[in-house]
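> After the sequence you'll find the predicted model.
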Amino acid sequence: MIIVVIRHGESEADLLDVHEGRADFELTVKGHRQAIEMSKYLKEHYSINRIYSSTLKRASQTANHLSMEYNVPVCYEADLMEFNNGLLAGLSRDVAKEKYPEVLDCPIDQAYYGQESMITFRERANQVLSKIINQTKDDETIAIVSHGGMINQLYHSFLCLDIKSNIIFGTGDTGIHVWKIVGHSKRIIKGNLCDHTIGIE
């Protein structure tokens, strides 16, 4: 089983420099180009049987490009959405910092400002990844289109890392991560591959 995990392309929020999270911004023109090139790259290297995507626009629009390239429908999973950042969604970083200052050492089972707790975020990743893996046959390759924060949680879930682990798996616009499961063995084949975005303006 091969799992190809992909972050969405550049969104309008990236240009506005606001907190995105659950704010539902669309892809920019550049973001669409990134998604097109990502889809072409994957088509050359992988035979994808199924595509899963977050329901937020920036991810679903990215997944749609992949769907058109492979002629495979998209399965939308709300649990693949980005971290629920509550009242910070869509706010400029300066305004958010003033109105909702960061709470240091917040327990993992608690949250502020209408956000979800870190334990809820991790459990959401655990549940959706387990569901997708259980639906995938050993000889299949599937794609998951999601968001930076959620992809980091999916990594932690895939590798069974402690919920308090501070390891961060970064990912750029349409960054590609390839995981492989053979029996009980799990492998990271590629991490944050972004070569297809070189030269895109």
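That came through fine.
> which residues in the chain form strands?
With strands called from DSSP state E, the chain shows them at 2-7, 50-53, 74-76, 141-146, 176-182, 185-193.
> for the fourth one, the distance to its chain's centre please.
Same thing as strand 141-146. Relative to its chain's centre, strand 141-146 lies at 9 Å (CA atoms, centre = their mean, to the nearest Å).
> and if you look at the last one?
For strand 185-193, the distance from its own C-alpha centre to the chain's C-alpha centre is 15 Å (CA atoms, centre = their mean).
> What lies in contact with stretch 90-99?
The contact list for stretch 90-99 (CB atoms under 8 Å, 6 or more residues apart in numbering) reads A13, L16, D17, V18, H19, E20, A23, L87, L88, Y100. The C-beta positions use only the backbone N, C-alpha and C, and glycine is treated the same way.
> what's the first-to-last distance across stretch 3-17?
Chord length of stretch 3-17, first to last residue, is 31 Å (CA to CA, to the nearest Å).
> Could you check it and say which residues are buried?
I3, V4, V5, I6, R7, H8, G9, E10, S11, E12, A13, D14 (16 or more other CB atoms under 10 Å).
> just those now: which is nearest A78?
H8 (15.3 Å; CB to CB).
> ok, that closest one touching L27?
Yes: checked against CB atoms under 8 Å, the pair H8 and L27 is within contact range at 7.1 Å.
> anything in contact with each of the two?
Residues touching both H8 and L27 (CB under 8 Å, 6+ apart) are A35, R58, Q61, T62.
> For those residues, which ChimeraX command selects only the ones that are buried?
Only the buried entries of the shared contacts of H8 and L27 go into this ChimeraX selection, using 16+ other CB under 10 Å:
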select :35,58,61,62
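> now the helices: where do they sit in this structure?
In the chain, the helices defined using DSSP state H lie at 12-16, 29-45, 57-70, 93-99, 118-134, 148-158.
> Quick one, which of those gets closest to I108.
Checked against CB to CB, the stretch from the helices of the chain lying closest is helix 118-134, at 4.4 Å.
> What average pLDDT does the closest one get?
What helix 118-134 shows for mean pLDDT is 98.
> Show me what it is in contact with.
Residues outside helix 118-134 that contact it (CB under 8 Å, 6+ apart): 1, 3, 52, 77, 79-80, 83-84, 106, 108-109, 111, 116, 142, 144, 149-150, 153-154, 156-158, 163, 181.
> and if we set it to 6 Å?
Y52, E77, D79, L80, F83, I108, D109, Q153, L154, S157, I163 (CB atoms under 6 Å, 6 or more residues apart in numbering).
> The residue of the chain most remote from its centre and S92: what is the separation?
In the chain, the residue that sits farthest from the middle, by CA atoms, centre = their mean, is E98; the gap is 28.0 Å. Plainly put, E98 is 10 Å away from S92 if you go by CB to CB, to the nearest Å.
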